[in-house]
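Chemist: coords please:
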Amino acid sequence: LKVIFATKTLARGINIPARTTVITSLSKRGDGGRFELLKTGNMLQMAGRAGRRGMDEEGTCVVLPTPFEGANEAVQILIKEVEAVESQFRASYSLVINLIRRDYQRGEE
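Modeler: Residues are numbered from 1 along each chain as shown. Sure, this is the predicted structure:
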């Protein structure tokens, strides 16, 4: 892929590294309809996609200023502490049994 446009959700959920990432906005519309600055973890996740492991020695992240956001807002985001991520994954008995069964079936091949 030469270009991919990603949301913060897509950037967090898949592994598509790139040589350069471009962040076009430092804010998003919140639950109440108001715009809020990105959370530090979300910005770092998007920026962290820059630099392909084993291919690039370094990656580049470009943050584009807008009439409403610029360097000051980027600094505000980046100096905040990163919030802990709480996994939503819950192992169930059926999941464990299916994984054991699948591993057992592979051993028979």
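
Chemist: now the helices for this protein?
Modeler: Here the chain has its helices, by DSSP state H, at 8-13, 40-47, 71-79, 93-108.

Chemist: I'd like these written out as JSON lines, with distance to Ser27 and mean pLDDT added.
Modeler: For the C-beta atoms, the positions are set from N, CA and C on the backbone; glycine is no exception. Converted to JSON lines, the helices of the chain look like this (distance: least, CB to CB, whole Å; pLDDT from 0 to 100):
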{"stretch": "helix 8-13", "distance to Ser27": "11", "mean pLDDT": "61"}
{"stretch": "helix 40-47", "distance to Ser27": "11", "mean pLDDT": "86"}
{"stretch": "helix 71-79", "distance to Ser27": "8", "mean pLDDT": "92"}
{"stretch": "helix 93-108", "distance to Ser27": "38", "mean pLDDT": "87"}
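
Chemist: ranking those helices by burial, who's on top?
Modeler: helix 40-47 (a mean of 19; mean count of other CB atoms under 10 Å).

Chemist: Which secondary structure elements does that one sit against?
Modeler: The criterion is 3 or more CB pairs under 8 Å, 6 or more residues apart in numbering; DSSP states H and E, and the helices and strands that helix 40-47 contacts are helix 8-13, strand 20-23, helix 71-79.
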